[in-house]
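Predicted structure and sequence below. I'll ask about it afterward.
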Amino acid sequence: MPQKYIDGLSWLTTITSWIVAHSTIVGVFFMTLFAAILRSHKDGKVDFIEAVYCALIAVGLSTALVAVNLPEGLSWVLAVFIGSVGSQWFRKNSTRLVETRIQAVEEKLAAVMPKDDDNATQ
């Protein structure tokens, strides 16, 4: 029968063994958290929620990169870099990229589509 109550030492050894078994993910989380805190502190105010969000992005990205057979060390580096840059930077640059693509599509359509005149619809 499983033990219902865990004493203090047993709890500590369980947590320690879990951290050792998952040291990669724990390391990625804390490295990105620290880097994101330093980046946000550069702006004058530390944003802990953004730092945790960036660290969680890095953990998910690191796991995904390992799942697609990228070497584990390289996935750490990429995930920590992307996570530490932050979601605000990616939001700003992805918005600019999308707007540029939309503008290019509109220009191509304008070149192909005939000019709209009143007689064309009648």
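Thanks, I have the structure now. Residues are numbered from 1 along each chain as shown.

longest helix in this protein, by residue count?
helix 87-112 (DSSP state H).

any idea of the mean pLDDT in that one?
Confidence for helix 87-112, expressed as mean pLDDT, is 81.

so what does it touch, helix or strand wise?
The contact analysis (3 or more CB pairs under 8 Å, 6 or more residues apart in numbering; DSSP states H and E) places helix 87-112 against helix 48-67. In short, each C-beta sits where N, CA and C put it, glycine included.

which sections of the chain are below the confidence cut-off?
For the chain, the stretches with pLDDT under 70 are 1-6, 8, 43, 114-122.

again, 80 this time
Filtered on pLDDT under 80, the chain yields the residue ranges 1-9, 40-44, 84-94, 113-122.

Show me the residue sitting in the middle of it in space.
Ile57 (3.1 Å; CA atoms, centre = their mean).

Just give the closest residue to that residue, not the sequence neighbours.
Gly83 (5.0 Å; CB to CB, 6 or more residues apart in numbering).

from what I can see that neighbour touches Ala51, true?
No. Gly83 is beyond contact range of Ala51, at 9.3 Å (criterion: CB atoms under 8 Å).

which neighbours do these two share?
Common contact partners of Gly83 and Ala51 (CB atoms under 8 Å, 6 or more residues apart in numbering): Ala36.
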